[in-house]
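1. This is a predicted model, with the sequence first.
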Amino acid sequence: MQDQPVLDRAPIVDLLDLGGPDLVQELTELFFSDTPGLIAEIETALEAEDWEALTRASHSLKSSAFYLGALALSEISRLLESSSRSGEEAHCKELSAQAPVAYEAAKAALIQMRSELPPA
């Protein structure tokens, strides 16, 4: 989404204060390993017109992206969750196509940010 930044650094700074670079490393790795599966769940649910599964997967993606400051991905997921609740198939398809692109942008930004962290 053009109106949301790819990454807000504030949550990462908070995580650094909470648990240092190791915590940031661990949580971003979980995000990198879990997100492609959530995106696949979204695509599968959309193809099956399983609105409940689509809502669930979108909600999970929204939360995990927001927690790490991936605002554009979180916003896409929020809109997808809302659209899936009302069965807006065309809007869901449009948003689900944006999710992988937003994820890749967030991943690149998080990798860049991690490279700037002090050593663990």
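-> Sure, I can see it.
2. Report the separation between residue 38 and residue 106.
-> For residue 38, the distance to residue 106 (Cβ to Cβ, to the nearest Å) stands at 13 Å. Where C-beta positions appear, they are placed from N, C-alpha and C, glycine not excepted.
3. what's the distance between stretch 12-22 and the middle of its chain?
-> Taking Cα atoms, centre = their mean, to the nearest Å, one finds stretch 12-22 lying 19 Å from the centre of the chain it belongs to.
4. And it, what's buried?
-> Judged by neighbour count using 16 or more other Cβ atoms under 10 Å, the buried positions of stretch 12-22 are 12, 15, 16.
5. contacting residues around it?
-> 23, 24, 27, 68, 69, 110, 113, 114, 117, 118, 119, 120 (Cβ atoms under 8 Å, 6 or more residues apart in numbering).
6. Out of these, which comes closest to residue 44?
-> Nearest to residue 44 among the contacts of stretch 12-22: residue 68, at 23.9 Å, using Cβ to Cβ.
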